[in-house]
Structures are given as C-alpha cells and as structure tokens.
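1. Below are the sequence and a predicted model; questions follow.
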Amino acid sequence: MAETITFFVDKLSNLAVQEASLFGGVEGQISLLRNELEWISLFLEEASATSNDGRRLKLWMNQIRDAAYDAEDVIDEFIVRLEHQRHRRLQNLKFLRVVLPTCVIFADKLPLIHELDGRMKEINVKIEKILANKSRYCVENAMMPSGAWSSSSPNEVVTWGEKRLPIVEEADVVGMKDEAEAVKEMLKINGELERGVVAIVGMGGLGKTTLAKKVYNDPDVNRHFQCRALVYVSQVYTIRELLMGIANKDFMTALRQEGETEDIRNMGENQLGKKVCEYLEKRRYLIVLDDVWSIQVWNGLCLYLPESIGSRVLITTRNEQIALDAYAKLYRLRPLGEKESWELFLKKTFPTGSRSTISQVVCPAELEDVGKKITGKCKGLPLAIVVSGGLLSRKEKTPSSWEKILRSMEWHLSQGPESCMGILALSYRDLPYFLKSSFLYCGVFPEDCEIKASKLIQMWVAEGFVQARGEETVEEDVGEDYLEELIHRSMIQVVKRKWDGRVKSCRMHDLLRDLAISKAKDSKFFEVRGNIFAYPFNPRRLIAHDSQNISQHLSNCHRLRSLICSIHIPQVNFWSCLRRAKLLTVLDLTLTADPDREIPEMKLPKEIDIPFSIWKLHQLRHLYLGARPIFRMQIRDQRCFSSHLGIDKMTNLQTLYVGEHGWVVRRGLPKLTQLRKLYIYGPTIRSNISYELIFPSNLVELILDNYRLKQDPMLTLGKLPNLRALKLINNAYIGRKITCSSGQFSRLEFLGLKYLTYLEELIVEESALPSLKTLQIYECYKMEKLLHQLQKLKSLQQVKLEKMNPRLIEEIKNTKGEEFDKIRLITSIT
C-alpha cells in the first residue's frame, strides 16, 4: 500500500508544478494533503516491515488508503471535468481553435475550483481524524518491528545489468533422480503396447510438476516418443483449451505439410479433437496433464486420445481418486528426506551456479545447526524449502539473522496447521514494501497461467507499482528488476527466457497464488468473486476471466482505474457502461472467439475498426493492434493520415504491434523516438511492398511477419544502431538470398529466420554481425549450405536449426575440421 500512496504523492508534486494555474486557490489544500501523505507513506513503509497483522493496524491502514484514493479521485475528476469544459468551449468556438490558448477563462472554471476546494477540505479533515485515531487507539503499539524484516528501498533491488549468481532452476531440484527413474519405469517405454496412464499423486508443494517435467524432458523419453505435449490444466479449463495445448508447433507443421489450410484456432472442440486424434493415432505420443482437479478432465479428453501403440498419458494430481477413476498406475510422491532437504536448502541459499554439485556448496559451520532447524520446519516440502532458501539468500549470513527468521517461522507455523502456507506467508512478509503489490498483482491471472513478462511489467508500471530510479531510468527496466527479484526469492517461477537471458514468461505456483489472493483480500487490493476479481463496493480494479455478466459489474464502477477483461462478445451495453469509467488508466480487453458457442443473430467480425480518437492518447506506451489474432484491428478513418492526428503524435510509445499500413511505416514510425519494440504484420492481401522501409534509430527489437518483401531488407535494417534482436518470419522476405554486409548490425545479438520458404542462402560478409550470439533458423527448407557462413561469426554462442534441408544438416554434421567442431558444439538440430 505504501508504494501506491508514494505514487500519488509524486503525482501531486508534479501537478503542483505543471498545473499551478489550474488549481488556483486550492493550492494550499493540495499542499497540506501532500505533506500529510508523505508522512503517512513513510509510516506505512515501516508498518509493512512488522511481523504483526493486528486488526487495529489493518483497519487504520485501510482507512488511510481509502482517504488517499478519495483524494486522487477528486483531483482526477476535476481535471477530467475541466478538460471536458475546455473541449465544449472550443467546439462552440471552432473558428478560434488555433488562436485560443488551451485554457478556460477563470470565470468558467470558478465553480469547479470552488467544488474542489470544498471536497479537498473534507478529505483533509477526514485524514486528520484518522491520524488522531492512531494515538487514541494505540495503533503504534500494534507495530512490533523485527530485525528479520526487510527495509530495502527500491534502489537496493539488484539490477539486471549487475552480475548475479544463477539461482536454482526447477530442473536442478535434488532428490528427484530416483523418482524420475521410477516414473519412467512405470511408463514402461519398452513394455505395454496399448495406451497407458500413469499418475503422480501428492499434496501441494511436493514437486509433482517438477518431477513430471523432469521425466518429460528426459533424453530417453524424448527419443522414444515421436510427439510430446505438456498441458497445464488447473481448476478452470475447457476441453478445447486442452486440445489447443496438445496442438503444439510440431502439430501445426505436420498439418501444413499434409496440405491443411484451415486455421485450427477457428475450429470448434469436435473438429479440433478429430484433427488431434488423427494426428496422434499415427504416432507414439506422450501427453502430460499437469494439475488435474476433476475426473471430468480425463473423461472429456480421452475421447480424442487414440489407443496408439506404446503411447502414454502422465497425470499429476492431488486427488488419488482421480487417478483411480482414470485406471492409472499410481506413483505416490513422498516428501524429501532429511539429506535431500538439506541439499536443496543449500543450493538455494548459497547459489554458486546452476550446474554446481552439492560438494561445491558450503554452509558455514556456525549456521549449520540453525539452518537444519529451519529446513526441518519445511517438513520435506520442496516448495517451502526453496522459498525459505530464497528468503535466506537475501539475508546476512550470521547466526543472529537466521535465528530471527527461525523465530518468525515458528510464530507463523503456530497460527495454523498448514505449515507450507505459514512459510510462504513469512517470505511474503519479508518482501520489501515496493515489491508486495507487484507480487499480489500476479494473483489476478488465472491459475497455472503462463504470464507474459513484458505484459506483467507494463501493467505494474501503469498501476503505479514501479518507481523510476532517477530521471534517466526507464520504468519498464526497473520493473524487470522487480520481476528478477521475485524470481530470485522463488515467489515466481520462470517458464521461458529470451535470447538475451531475460524472462520471457513466468508462472505463479498455485499455493503462492492462493497466498496472494488471501493477502490481497485482507488489504482490499482485490477480492475474488467467482470469475470476477474486484474490490468490494465500487471497485478501482476489476479483473474478469471469461465473464458473461461483466456489464452489470461495470454499471457501478465510476471509480474504476483498471479493467482486465477476457470475453467472447461484449454485451450490447458493454461499451456504454465502459464510457462511465472516466478515470480508467489500464485497459486490457481480450476478445476471444469460441467456435462452439452459438451467438444468435450476431456474426463474429473478422475485423474491428479502431476509432481515430485513439491517437489522442499521447501518454500511451504500449499499443497492440491485433498483429495476428482472430480479430484484426483496422484503421480506416482518413483523419489518421492528417498531421495533427496520427501515430507520429504518440511519442511516448515504447511497444507497437500493428498490421501493415504504408502510412505508418513511411510517415509515423521515424518520429517515435521512444519506440523500442516493433512488430509489423504484413498486408492481408498479398501485395508487394515497393516503398522504402524507414524505422526509428532507437529500435531494440524488430519483428517483420508475412511482409513479403522482394528486396533484401538487410541493407536498411543493418544500419539501425541500437538493434539487438531481429526476426523475419512467415515469408517476411520472399527473395532467395539474404546478405549481411560488412560493418552492419554492429549491436545485433539475436537473429531469427523462420518459415522463409523461398530463402536459399544466408551470406555473412567479413566484420558483419560482430555481436551476434544466437542464430535461429526454422523451416527454411531451400537452404542447403550454412556452415562456412557460421564460421565468420566470432561471437556466436548458440545455433538452433529446426526442420531444415537434409543436405544442410549433413554439411553441419560431417564437414571435417577443428574450426567446424567448435560450431557443432554450439549447434542444436531438431
């Protein structure tokens, strides 16, 4: 909560400077409020570092938060109303639009200022009474600081650029070797012919998912099964979603090779199920269904899983009855033993590298006794051990510091029977105040959801959870450091990393998600109501996953600041209800199509027109205009072409996903000086792009998809001084040869060429691509030679080749020479 109030205090300070003339006689009340909130923010930072969750302190903090929110609403409503008044005046005097200054005559705004002054006085009186209650009801006595708790400032988070020891990844968990071999034996790779089912059963936090992934990624398993899929199920699912999880990129490739033209994303459950069944019945497959909560999952899915020879299904579940009903062989996962628990604890608390052996991890003798007591409290649960180790890895390595953690752990465990939840709560309490809201916010995503890191960080920034470090720091970069800190503490799990090692996607363990939802409810951060996550009573934050009654929730949301919504078709009154949310800051609206769902008297549009007024959002940082979804966002309004209404006015844009429009590339893009990531999807009608590509020099990542360029784009793209990642995919270029000229792409570290069906040759001239570390080439089947070009790339660390021409693969594998042996060591071929 402290960071939210700090954000509002900063906002007040900026308004006082930038809009001094706007507030007139209210300046004194705003200054008084700002001073009070600065003290309150400091108090809340200290309160968040206490080990006491007393009801008095919670009540007092909630009242302060509500008062601060009221003040923010009052000021923002004043600004909105003033802006509307200004707009109406200019509409009435259109001929003076250019001449008049952008202000309203004082007499016009006097009633608004008078109203604002009265409301600000009421809020200041309210805050004064709340502050008086702090002494009257001895709230200070409810605060019991403990030296075990963090007092970190935002500047103390380790930044990504600083060297950091690798943390223990899931695959590195000790004590799983025997278990993995046992499950492999139960799969009986060389045994039974008919389809078999194996189930890993155990309580939450025991490591079922980790074990299943270890088996899934085992080289023997990988070689034996011709196709594999790992599908996260959780409590909220549809059979169609699970089928889409099975239909991975190998499945898509096979369909293309078989001449299938229909997009499976447009298929209903039955049609998709038949396609999956036809694909699997020709192959020996392994399907992993992780976190199954209902036998209905198996009953609905098994209809589409054929009795292929030697195929297997591996289930993880907490409920043994589900496994029995699926006629599965049971593997009951047990807690770790004392030795394995200690090894895992050491690897997490004293990380020396992801491949280190236990003999390389040393615990100081003076810490061993208290360390083993802490490990013992975890009862052999890997999740509890990993989270505890993550907590201690951030603490001083002294007996007194660890003893405080042990005492706090004992206190938390004494509050209830769930030992794992008590330990997780301890780690949450230890988070610096500025990370707590970021952690809680992860709880709004669906269970077992793979969260896109960039989207999560953008939401953190928009919500005001991230504080910039000085004028030159980009808030998104600070948000990335926040995410890395949560990962280092094992509060968030990495799913995928990008080409440069940064997090691409992440996931929250279901027990940690339960903790986040519980803590969020306590602090009124959000509350769970079925598929609706919201504040009670006129919420400021509303999250709806596949909600069919979203409009009724919006009807009473005039204070709404954030709306995250995934719906099939908006109700008729959806947009009119949304218009009432005048203070909306975050809008993440995902429109999804379910082909099985009948929509009477309504056809699902393939294209959605975007109003020209979107270009008025000059503060917008991230804009996704449907690059390749079911819905294609189109911009048809000719006013977008004018000089005063266009993309070139959105100078704060950092991320842009957009379908190809010549005017965007030729007129708008060069003026977007803050743009860092650009994704352009080519025209739906296959036309040849004849104009010159012009991009802003500050671009860091560029993706061209289905662009069908005839001329080699590398001569232009190679001149971009800051470009670090480039992807050309789905026939973005339809020429036969790509040439990286001498001296170009000076900073490029990642190059991806995917599904370029006409490409025959990649030429690398001397001193080109001097910084390239990763090269990925997928399904460029006409390429027959590559090895001698790779030899010129002196910084290359990784080459990934997938579904390439056999002649090229033969060249890579069989060409003799020591210099080529080095290339083979860094090359993976699938």
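-> Nice, I can see it.
2. Show the end-to-end separation of stretch 736-752, please.
-> 16 Å (C-alpha to C-alpha, to the nearest Å).
3. buried set for that stretch?
-> 738-741, 744-746, 748-752 (16 or more other C-beta atoms under 10 Å). Placement of C-beta: from N, CA and C, glycine included.
4. and that stretch, what's its mean pLDDT?
-> Stretch 736-752 shows a mean pLDDT of 94.
5. Stretch 133-143 now?
-> 68.
6. got a list of what S427 touches?
-> 387-388, 390-391, 489-491 (C-beta atoms under 8 Å, 6 or more residues apart in numbering).
7. which stretch of helix or strand covers it?
-> In the assignment (DSSP states H and E), S427 maps to helix 419-430.
8. Ranking helices and strands of the chain by mean pLDDT, which lands last?
-> Between all helices and strands in the chain, the lowest mean by mean pLDDT, DSSP states H and E belongs to strand 632-634, at a mean of 44.
9. State the next helix or strand along the chain beyond it.
-> Scanning forward in sequence from strand 632-634 by DSSP H and E, the next helix or strand is strand 655-659.
10. if you skip the residues just before and after it, what's nearest to K671?
-> Once flanking residues are discounted, K671 sits nearest to D648: 4.0 Å by C-beta to C-beta, 6 or more residues apart in numbering.
11. And Q711, by the same measure?
-> Closest residue in space to Q711, ignoring its immediate chain neighbours: G735 at 7.1 Å, by C-beta to C-beta, 6+ apart.
12. where along the stretch 351-500 of the chain do the strands fall?
-> 451-452, 493-497 (DSSP state E, counting those that start in this stretch).
13. do the stretch 201-350 of the chain as well
-> 227-232, 285-292, 312-317, 329-332.
14. Could you list the residues in contact with the second one?
-> Contacts to strand 285-292, defined as C-beta under 8 Å, 6+ apart, come from residues 187, 208-209, 212-213, 216, 221, 225-234, 242, 246, 297-298, 301, 305, 308, 311-317, 319, 322, 447-448, 510.
15. Only whichever of these are buried, select them in ChimeraX.
-> Those of the contacts of strand 285-292 that count as buried under 16+ other C-beta under 10 Å are selected in ChimeraX with:
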select :187,208,209,212,213,216,221,225,227,228,229,230,231,232,233,234,242,246,297,298,301,305,308,311,312,313,314,315,316,317,322,447,448,510
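16. My reading is that L33 lies in a strand. Confirm?
-> No. Read with DSSP: H, G, I helix; E, B strand; the rest coil, L33 is helix and lies in no strand.
17. Would you tell me which helix is longest in this structure?
-> Criterion DSSP state H: the longest helix present in the chain is helix 55-92.
18. Show me what counts as buried in the helix or strand that it is followed by.
-> Note on helix 55-92: by DSSP H and E, the next helix or strand toward the C-terminus is helix 106-136. Using 16+ other C-beta under 10 Å as the test for burial, helix 106-136 gives 109, 112-113, 116-117, 119-120, 123-124, 126-127, 130-131, 133-134.
19. Might you list the low-confidence residue ranges for the stretch 651-800 of the chain?
-> Residues of the stretch 651-800 of the chain meeting the criterion pLDDT under 70: 660-668, 683-693.
20. Can you show me the strands along it?
-> Going by DSSP E, counting those that start in this stretch, the stretch 651-800 of the chain shows strands at 655-659, 677-681, 701-705, 725-729, 737-740, 750-754, 761-764, 774-778, 798-802.
21. Distance to D76 added to those strands, as a markdown table?
-> Formatted as a markdown table, those follow (distance: least, C-beta to C-beta, whole Å):
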| stretch | distance to D76 |
| --- | --- |
| strand 655-659 | 25 |
| strand 677-681 | 30 |
| strand 701-705 | 34 |
| strand 725-729 | 38 |
| strand 737-740 | 50 |
| strand 750-754 | 41 |
| strand 761-764 | 53 |
| strand 774-778 | 45 |
| strand 798-802 | 48 |
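22. can you tell which of those strands is closest to R429?
-> For these, proximity to R429 was assessed by C-beta to C-beta; strand 655-659 is nearest, at 34.3 Å.
23. Using PDB, list the CA coordinates for that closest one.
-> Below are the C-alpha coordinates for strand 655-659, written out as PDB (Å, rounded to 0.1, in the frame of the first residue of the first chain):
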ATOM      1  CA  THR A 655       5.900  -1.000 -27.900                       C
ATOM      2  CA  LEU A 656       3.900  -1.200 -31.100                       C
ATOM      3  CA  TYR A 657       2.200  -4.300 -32.600                       C
ATOM      4  CA  VAL A 658       0.400  -3.300 -35.800                       C
ATOM      5  CA  GLY A 659      -0.900  -4.600 -39.100                       C
END
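24. Who are the packing partners of that strand?
-> Applying 3 or more C-beta pairs under 8 Å, 6 or more residues apart in numbering; DSSP states H and E, one finds that strand 655-659 contacts strand 622-625, strand 632-634, strand 677-681.
25. Parallel or antiparallel, list what pairs with it.
-> Next to strand 655-659 in the sheet, as set by DSSP bridges, lie strand 622-625 (parallel), strand 677-681 (parallel).
26. hey, which of those is tucked in deepest?
-> Neighbour counts (mean count of other C-beta atoms under 10 Å) averaged over each of these peak at strand 677-681, with a mean of 21.
27. That strand to strand 725-729, inter-axis angle?
-> Orientation of strand 677-681 against strand 725-729 (axes from the mean of the first three to the mean of the last three C-alpha atoms, to 10 degrees) gives an angle of 10 degrees.
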